[in-house]
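Peer 1: With the sequence up front, the predicted model follows.
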Amino acid sequence: MGPMVAVPDGVRGASDAVSSLAADRPLVVAGAAVVLVVLLAVGVVALRRYLRPTGQRFVNFLRDHEAVTVLMHPNPDPDAMSCALAVEQLAESSDTDATLQYPGQIRHQENRAFETVLDADFEQVDNAGDLDDGAVVLVDHNEPRGFSGAEGVDPVAVVDHHPGGGEGREFTDVRTDNGACASIFAEYFREMGWALGDAAENGGTTEERTLPSAVATGLLYGIQSDTSQLTKGCSPSEFDGARYLYEGVDEDRLDRVANPEVGAEVLEIKAAAITGREVRNAFAVSDVGTISNVDAVPQAADELLRLEGVTAVVVLGDADGQIHLSGRSRDDRVHMGKTLSAVVEDVPLGGAGGHARMGGGQLSIEHMNGLGPGDGLTREEFHERLFEAMSGEL
């Protein structure tokens, strides 16, 4: 027999107390044990749920709803549209009905080609009453906007890559480091093992979920369009997503979406932006005046940024009583989203924002001229504010 070990009085007392409690009140001890077991079980379930891939948690959310309304931002771009198609595909796999809706218009030639070539079924809404009855899922933006009654819409889920405080009541996945929202959905499909390529075209096996080529093509172009062909604002997620999606892409449809015919007005507005530019210290502002195609404004900004010696640009044009702004920057000193936000901050009902490399916004011409609580700005004063903001003086 080994040596005897002395037990401290405190430990012996605690042991005696537990033994006494167990003898006197066995039901209390048994109840405590049951509670402990339940708490441990709940903890294990919660941990497993937390460790599930985010895409699987999103699918589980979809399964809890008979129908969802996927809402894109106003005048949706390929990133937003591809994400809507991705939610529709995930909803279909979850036996959930999905309606894809958007405010504004689809006017940009690439956006129109995206909708047509990929055979997308998007519905336009003018006010909150036009929204379908399903729970609202926001993609590529985190706060409803751009239609009457938007402020009263309470989204159930949000998937986005833009800065902002919007959240979904049941699910939120906002990754501001990502260059595109489409790369988030590509990760969902990849982590859940969705098949691509030949497996997808042939329907896969009974165990495999397969991603149609239209969705894979859309997501890849969504990544490309929001990152200037994987050259600006990328994170590793965009390259991982592109690598995963590549096998399922229909190259012919991708080319038709990426290279549609360009209308004459777009080319004319680009030319006007270049010839009418004002440049100060590598910053350019160009006012193209009244236009009918507001989607030409960001295209003109892209073109103007290509000029040698220009590192940050803002192009503005008027349509339907609104001034539409689009900015681009390859200058580390100019965060374009913050720049445009600062410019319109004092104008009632004005709104602008974006990322470091690109931003956009719009404001009412009447409010800029002094309607409402503000003193108003002349066109020349507004141009000065743009230069001041890019120079860090505003």
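Peer 2: Thanks, I have it. Numbers count the residues shown, from 1 in each chain.
Peer 1: Next secondary structure element downstream of the strand or helix carrying Ala214?
Peer 2: Using DSSP states H and E, Ala214 falls within helix 213-226. Of the helices and strands lying after helix 213-226 in sequence (DSSP H and E), the nearest is helix 236-245.
Peer 1: Report all helices and strands that the helix holding Ala214 contacts.
Peer 2: Secondary-structure packing of helix 213-226 (3 or more CB pairs under 8 Å, 6 or more residues apart in numbering; DSSP states H and E): helix 78-93, helix 109-117, helix 182-191, helix 197-201, helix 236-245, helix 251-258. C-betas here are computed from N, CA, C, even on glycine.
Peer 1: Quick one: mean pLDDT over it.
Peer 2: Per-residue pLDDT over helix 213-226 has a mean of 97.
Peer 1: Other residues contacting that helix?
Peer 2: Residues outside helix 213-226 that contact it (CB atoms under 8 Å, 6 or more residues apart in numbering) are 77-83, 85-86, 89, 110, 114, 118-120, 179-183, 185-186, 196, 200-201, 230, 233, 238, 241-242, 245-246, 248-250, 253-254, 257-258.
Peer 1: Buried by neighbour count, from these: which ones?
Peer 2: Of all the contacts of helix 213-226 considered here, the ones buried according to neighbour count by 16 or more other CB atoms under 10 Å are 77-83, 85-86, 89, 110, 114, 118, 120, 179-183, 185-186, 196, 200, 233, 238, 241-242, 245, 248-250, 253-254, 257-258.
Peer 1: which regions of the stretch 101-250 of the chain lie under the pLDDT threshold?
Peer 2: Applying pLDDT under 70 to the stretch 101-250 of the chain picks out residues 198-208.
Peer 1: any idea how far the residue nearest to Gly233 when sequence neighbours are not counted lies from Gly360?
Peer 2: Computed as CB to CB, 6 or more residues apart in numbering, the closest residue to Gly233 that is not its neighbour in sequence is Gly179, at 4.2 Å. Spatial separation of Gly179 from Gly360 under the definition CB to CB, to the nearest Å is 16 Å.
Peer 1: Also Val139?
Peer 2: As it turns out, when the distance is counted by CB to CB, Val139 lies 18 Å from Gly360.
Peer 1: so Phe382 sits right up against Met368, yeah?
Peer 2: Yes - with the criterion set as CB atoms under 8 Å, Phe382 and Met368 qualify as a contacting pair; they are 6.6 Å apart.
Peer 1: tell me, what's touching these two both at once?
Peer 2: Contact criterion CB under 8 Å, 6+ apart; residues bridging Phe382 and Met368 by contacting each: Ile323.
Peer 1: Now Arg379: phi and psi?
Peer 2: Backbone dihedrals for Arg379, given as degrees, to the nearest 10, come out at phi -60, psi -40.
Peer 1: okay, now it: neighbour count?
Peer 2: Burial of Arg379 is recorded as 15 neighbouring residues (other CB atoms under 10 Å).
Peer 1: how far away is it from Asp318?
Peer 2: Summarising the geometry, the distance separating Arg379 from Asp318, computed by CB to CB, is 10 Å.
Peer 1: Tell me if I'm right that Glu66 and Ser94 touch.
Peer 2: No - the criterion here is CB under 8 Å, and Glu66 misses it with Ser94 at 10.3 Å.
Peer 1: If you count surrounding residues, which of these two has more?
Peer 2: Between Glu66 and Ser94, Ser94 has the larger neighbour count (other CB under 10 Å), namely 18 against 11.
Peer 1: In contact with that one: list those residues for me.
Peer 2: For Ser94, counting by CB under 8 Å, 6+ apart, the contacting residues are Val59, Leu62, Arg63.
Peer 1: Please produce a ChimeraX select command covering the buried subset of those residues.
Peer 2: Applying 16+ other CB under 10 Å to the contacts of Ser94, the buried members can be selected in ChimeraX as follows:
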select :59,62
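Peer 1: So which of the contacts of Ser94 is the closest to Pro298?
Peer 2: Leu62 (32.3 Å; CB to CB).
Peer 1: Skipping its backbone neighbours, what lies nearest the closest one in space?
Peer 2: Residue nearest to Leu62 in three dimensions, not counting chain neighbours: Ser94, with 4.3 Å by CB to CB, 6+ apart.
Peer 1: Now the one you found: phi and psi?
Peer 2: Note on Ser94: its backbone torsions stand at phi -110, psi 10 [degrees, to the nearest 10].
Peer 1: Mind pulling the model confidence for it?
Peer 2: We have a pLDDT of 95 for Ser94.
Peer 1: for Met72, phi and psi?
Peer 2: For Met72, the backbone dihedrals (degrees, to the nearest 10) come out as phi -90, psi 170.
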